[in-house]
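# Just to be clear, the model below is a prediction. Sequence and coordinates:
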Amino acid sequence: RLSGKSDFYSLDSLLLDCVSLHLPPQIENKYLIPAMEKLTGADGELSHELIDNAEAFVNSCLSLTLTAQQTGTHRNTIKNRLQRFTQLTGLNPLMRFQDAFLIKMLALYIRRAQVLPAP
């Protein structure tokens with residue numbers, strides 16, 4: 001779906017949905033589950049802000065300005081949340097495409113598990 005805002009699928013979102021549905025357990029166990037655990041606070045709650053901002057940054061072609069405009073969040077807040085996300089998970093979308101891809105898969109994986117609502 002187009003970010004849960006429509007009943008129609010785009011080819012891009014359909015491709016990512018299909019990929020996230022068929023991830024091998026090795027990827028889930030090595031990358032996604034450990035990242036989720038690192039983003040879970042002492043209270044057992046996932047950091048929604050960090051995950052949402054990281055995904056929005058990836059969706060915005062790694063543009064802080066565009067991410068800030070689309071989320072209605074100050075650019076410096078986005079930057080600080082991304083730094084915190086990277087500190088916790090080790091995933092840095094600015095350094096490697098693989099990390100950007102894993103961030104997107106992590107967000108989709110969490111939504112599929114119904115841990116986070118769709119943005």
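Everything's here; your move.
# and the next element down the chain from the helix or strand bottoming out on mean pLDDT in the chain?
In the chain, no helix or strand scores lower on mean pLDDT, DSSP states H and E than helix 11-21, which sits at a mean of 73. If you walk from helix 11-21 toward the C-terminus, the next helix or strand you reach (DSSP states H and E) is helix 25-27.
# tell me how far that following helix is from the chain's mean position?
The chain centre lies 17 Å from the centre of helix 25-27; the measure is Cα atoms, centre = their mean, to the nearest Å.
# what's next to the very next helix or strand once past that helix, contact-wise?
Toward the C-terminal end, the helix or strand that comes next after helix 25-27 (DSSP H and E) is helix 33-38. If you take Cβ atoms under 8 Å, 6 or more residues apart in numbering as the criterion, helix 33-38 is touched by 46, 88-89, 91, 102, 106, 109-110, 115. Every residue, glycine included, has its C-beta placed from N, CA and C.
# mind listing the helices for the protein?
Using DSSP state H, the helices of the chain run over 11-21, 25-27, 33-38, 48-59, 64-71, 75-89, 97-112.
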